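Student: What would the 3D arrangement of this be:
(2 chains)
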Amino acid sequence: KMDFSQYNDAERAHLQRIIEMKQMRDFMKFYTNLVERCFNDCISDFTSKTLTSKEETCITRCTDKFLKHNERVGQRFGELNQQPMQQQQMPSPQPPQQSGGSSWFGR
Amino acid sequence: MSFYPFGGGGGSQQTINQQNVALAEQELEMITDTFYRIVNSCYQKCIPPKYLEGELNKGESVCIDRCVSKFFEVNQKIGEALQKKGQQTVGGAAGFQ
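Tutor: Residues are numbered from 1 along each chain as shown, chains lettered A, B, ... in the order given. Modelled structure (predicted):
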């Protein structure tokens, strides 16, 4: 189980920077992934070059839905990650989450 | 709240154990990668792309919970199987000497 007390201050600062950069990259990936997903799911009418109101509504709902889904998965993931080591092969700290979830340093 | 490394450097000079840090980084990568795989897989399996509303309905919510749980179980089983395979290979190699 990852334990941040094993790292000295310099290492922790180093890891902190890595985590911040990773969170930025992951957010970009999340964003572009979501755009592609909702585009593929919602847009198929090419009789016009602007979105129809139906398509706009779909995009809004798609975005909301995916964000809620992501949040829920994050909650379940966090819970399951807390379980003792013998029940899982993966090491346990919680992942950085997009929506205000726990972070590596338990902030 | 800093402590000095055993090398006895000056106050602000702390060494970074590259290996430890690299391991931590790898672990982080693996966990977040798994997380995103779960998000994508479970979305595919649980959420039909109909978008009648922006909320998750009860069925979808329950499906997500179960999906995450099963994914973890699959992850664990495969991890165990691979570990066992690894041990067998080592044992087998030793046996053939």
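
Student: what packs against the longest helix seen in chain A?
Tutor: Counting residues, the longest helix found in chain A (DSSP state H) is helix A:9-42. Applying 3 or more Cβ pairs under 8 Å, 6 or more residues apart in numbering or on different chains; DSSP states H and E, we find helix A:9-42 packed against helix A:53-81, helix B:18-46. In this view, the C-beta of every residue, glycine as well, is placed from N, C-alpha and C.

Student: what angle sits between it and helix B:18-46?
Tutor: Inter-element angle recorded for helix A:9-42 and helix B:18-46: 20 degrees (by axes from the mean of the first three to the mean of the last three Cα atoms, to 10 degrees).

Student: how about low-confidence regions in chain A?
Tutor: Within chain A, the stretches with pLDDT under 70 are A:1-3, A:84-107.

Student: Apply 50 and report the result again.
Tutor: Chain A contains residues with pLDDT under 50 at A:1, A:85-107.

Student: how about the residue of it positioned farthest from its centre, phi and psi?
Tutor: Outermost residue of chain A with respect to the C-alpha centroid, by Cα atoms, centre = their mean, is residue A:47; its distance is 34.8 Å. Dihedral angles of residue A:47 (phi, psi; degrees, to the nearest 10) stand at phi -80, psi -10.

Student: ditto for residue A:52
Tutor: phi -80, psi 160.

Student: ok, it - how many residues close by?
Tutor: Residue A:52: 13 surrounding residues under other Cβ atoms under 10 Å in any protein chain shown.

Student: Look at the residue lying closest to it once chain neighbours are set aside and tell me its secondary structure.
Tutor: Nearest residue to residue A:52, sequence neighbours excluded (Cβ to Cβ, 6 or more residues apart in numbering or on different chains): residue A:45, at 5.9 Å. Residue A:45 falls in the coil class when you classify it by DSSP: H, G, I helix; E, B strand; the rest coil.

Student: winner for burial among the helices and strands packed on helix A:9-42?
Tutor: Ranked by mean neighbour count under mean count of other Cβ atoms under 10 Å in any protein chain shown, the helices and strands packed on helix A:9-42 are led by helix A:53-81, which reaches a mean of 18.

Student: check whether that one contacts chain B.
Tutor: Yes: using Cβ under 8 Å from any Cβ of the partner chain, helix A:53-81 reaches chain B at A:57-58, A:60-66, A:68-70, A:72-74, A:76-77, A:80-81.

Student: That helix to helix A:9-42, inter-axis angle?
Tutor: Going by the same axes, to 10 degrees, helix A:53-81 makes 140 degrees with helix A:9-42.

Student: Would you mind pulling up the elements that helix A:53-81 packs against?
Tutor: So helix A:53-81, by 3+ Cβ pairs under 8 Å, 6+ apart, packs with helix A:9-42, helix B:18-46, helix B:58-95.

Student: and the longest one, what does it pack onto?
Tutor: For helix B:58-95, the packing partners by 3+ Cβ pairs under 8 Å, 6+ apart come out as helix A:53-81, helix B:18-46.

Student: Between the two ends of stretch B:49-60, what distance do you get?
Tutor: For stretch B:49-60, the first-to-last residue distance is 12 Å (Cα to Cα, to the nearest Å).

Student: Mind checking the pLDDT average for it?
Tutor: Average pLDDT, stretch B:49-60: 95.
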